[in-house]
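J.: when you get a sec, could you give me coordinates for this:
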Amino acid sequence: MKYNPVELIIKKRSGQQLTRPEMKFFVESYLEGKIPEYQMSSFLMAIFFQGMEPEEVQILTEVYINSGKRINFPPEMKTVDKHSTGGVGDKISIPLAPIVAACGGKIPMISGRGLGHTGGTLDKLESIPGFRTDFSDKDFIKFVNKVGFSIIGQSEELVPADRRIYALRDVSGTVESLPLITASIMSKKIAEGAQNLVIDLKVGSGAFIKNMEQAEKLAFLLMQTGEKLGQKVSVVFTDMNSPLGKYAGNALEIKESIEFLRGEKISDIYQITKTLAVEMLLLSEIAENSAEAGKMFDEVIANGNALEKFREFIRTQGGNPRVCDDVSLLPQSKHEIPIIAEKTGWVKTINSQEIGYALVEIDAGRKTLESKLNYAAGAFLPKKIGDYIEKGEMLAIVYCDDEEKGKIVGKRIKESYTISDEKIEKRDIILKIKSAK
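T.: Here you go, the predicted model:
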């Protein structure tokens with residue numbers, strides 16, 4: 001071996017900066033099976049605790065990208081994508097992509113599976129009967145050209161380094177590392193052929209990033225890495241202290257996304273989706289200003305074009321498009337367990353992360369890489385911070401197949417809410433925007 005893996009782990013653990021050859025060696029040796037998972041896990045933990053300099057993050061991102069193939073679209077397509085750092089009930093990509101495509105955007109979206117306490121876009125889409133996310137790069141390019149967008153999983157050839165390490169992060173307690181988050185996001189988004197990128201950076205109890213100080217650091221790394229590697233990046237900071245929308249769980253979030261595309265006004269989903277869409281339309285030069293972009297957004301929902309795009313997308317990727325007309329075709333749970341409020345007052349705090357982990361117990365998310373999902377499992381969570389609730393009123397509903405587990409999860413969800421006697425102000429959803437333009 002060119003380097004001793006243990007020496008590199010110790011070097012990083014000591015807070016020293018790794019060189020390009022050292023980083024390349026460690027990642028490539030892991031992919032070739034020369035470095036075992038326990039040493040890669042140790043390396044990731046060293047990065048988690050010691051962090052990385054911006055130059056190291058850029059190098060790691062390039063090593064990830066160069067571990068596989070790159071997809072290229074013509075520059076004149078002005079491709080644009082969105083990425084979310086993840087949160088409970090975060091289904092924004094699902095209505096956002098067809099809306100921007102209906103406005104004329106081209107969105108190549110390589111997405112991920114559930115990670116930690118948050119659900120993955122691929123898992124949600126695969127709850128649609130017949131829907132597939134395992135397509136070749138050639139099919140992906142064809143779908144983006146034909147439909148205007150495509151959402152698929154990482155192929156074996158596309159950023160294999162990230163695909164392998166992403167899965168390991170989930171089971172080694174290193175999900176929240178800012179350098180690892182940056183390299184993972186940026187490698188996928190550059191390799192998939194997106195020339196522009198909008199980041200939905202979630203901040204709060206239900207997100208991996210808990211405060212604005214950490215969020216600002218991550219935004220800096222994302223924007224700087226993008227700039228160095230030729231991608232324009234805008235960042236929208238959004239509040240994630242309440243679960244997003246009214247539902248959490250794979251099929252339940254598809255149902256809510258379809259209802260939104262049909263024109264149902266769901267306040268937090270509307271605000272975030274519209275803000276992200278405006279940034280995407282500006283970066284891809286489809287709209288000249290925010291007012292024009294906002295008008296386009298509302299029009300394609302009102303005239304049904306966005307829902308039609310979603311229907312075409314489902315059909316193209318092998319799913320049953322009739323779910324757009326009849327959401328009961330989505331997986332349904334055996335049991336619905338209501339959770340009743342025991343106190344009158346205003347919702348003061350919600351431990352969204354605890355809700356996310358509780359839902360893993362009914363198989364709405366994964367404990368291990370091999371965990372089997374129950375697509376129908378999840379929860380109805382209509383109350384936000386600042387909402388008023390009366391004793392005896394329904395706080396939430398748990399959807400599950402195992403009633404006993406469902407009751408335990410219901411208790412954990414109830415304990416995740418604190419109710420105050422004093423009125424609590426509602427929070428802003430959009431916290432800040434850092435635009436590349």
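
J.: measure how buried the closest residue to Asn241 other than its chain neighbours is and give me the count.
T.: Among residues not flanking Asn241 along the chain, Gly204 sits closest, at 3.7 Å (CB to CB, 6 or more residues apart in numbering). From N, CA and C alone the C-beta is placed, and that goes for glycine too. Using other CB atoms under 10 Å as the criterion, Gly204 is surrounded by 23 other residues.

J.: and what of the one 3 residues further on?
T.: By other CB under 10 Å, the residues close to Ala207 number 28.

J.: how near is it to Glu216?
T.: Distance of Ala207 to Glu216, given as CB to CB, to the nearest Å: 14 Å.

J.: now Lys432
T.: With the distance defined as CB to CB, Lys432 ends up 9 Å from Glu216.

J.: ok, Val88 next?
T.: For Val88, the distance to Glu216 - CB to CB - is 22 Å.

J.: when those two are compared, which one has more neighbours?
T.: Taking other CB under 10 Å, Val88 and Glu216 do not tie; Val88 has more neighbours (30 against 17).

J.: quick one, what contacts the residue nearest to Asn241?
T.: Contacts for Gly204 (CB atoms under 8 Å, 6 or more residues apart in numbering) come out as 87, 210, 239-241, 352.

J.: ok, now with 6 Å
T.: By CB atoms under 6 Å, 6 or more residues apart in numbering, the contact set of Gly204 is 239-241.

J.: now the helices: where do they sit in the stretch 101-250 of the chain?
T.: With helices called from DSSP state H, counting those that start in this stretch, the stretch 101-250 of the chain shows them at 121-125, 137-147, 160-172, 178-191, 212-228, 250-261.

J.: let me see the mean pLDDT of the third one.
T.: Looking back up the chat, that one is helix 160-172. Averaged across helix 160-172, the pLDDT comes to 89.

J.: that helix packs against which elements?
T.: With contacts defined as 3 or more CB pairs under 6 Å, 6 or more residues apart in numbering; DSSP states H and E, helix 160-172 has these neighbours: helix 178-191.

J.: one more time with 8 Å, if that's ok
T.: helix 20-31, helix 37-50, helix 54-65, helix 178-191 (3 or more CB pairs under 8 Å, 6 or more residues apart in numbering; DSSP states H and E).

J.: so for the second one, what gets flagged as buried?
T.: When you say that, I think you mean helix 37-50. Buried residues in helix 37-50, counted by 16 or more other CB atoms under 10 Å: 39-48, 50.

J.: turn those residues into a markdown table, including distance to Val360.
T.: Shown next, in a markdown table, are the buried residues of helix 37-50 (distance: CB to CB, whole Å):
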| residue | distance to Val360 |
| --- | --- |
| Gln39 | 27 |
| Met40 | 24 |
| Ser41 | 21 |
| Ser42 | 25 |
| Phe43 | 26 |
| Leu44 | 21 |
| Met45 | 22 |
| Ala46 | 27 |
| Ile47 | 25 |
| Phe48 | 21 |
| Gln50 | 29 |
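
J.: ok, back up a step: can you put the helices of the stretch 101-250 of the chain in CSV and add distance to Val63?
T.: Below are the helices of the stretch 101-250 of the chain laid out as CSV (distance: least, CB to CB, whole Å):
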stretch, distance to Val63
helix 121-125, 24
helix 137-147, 20
helix 160-172, 7
helix 178-191, 8
helix 212-228, 13
helix 250-261, 32
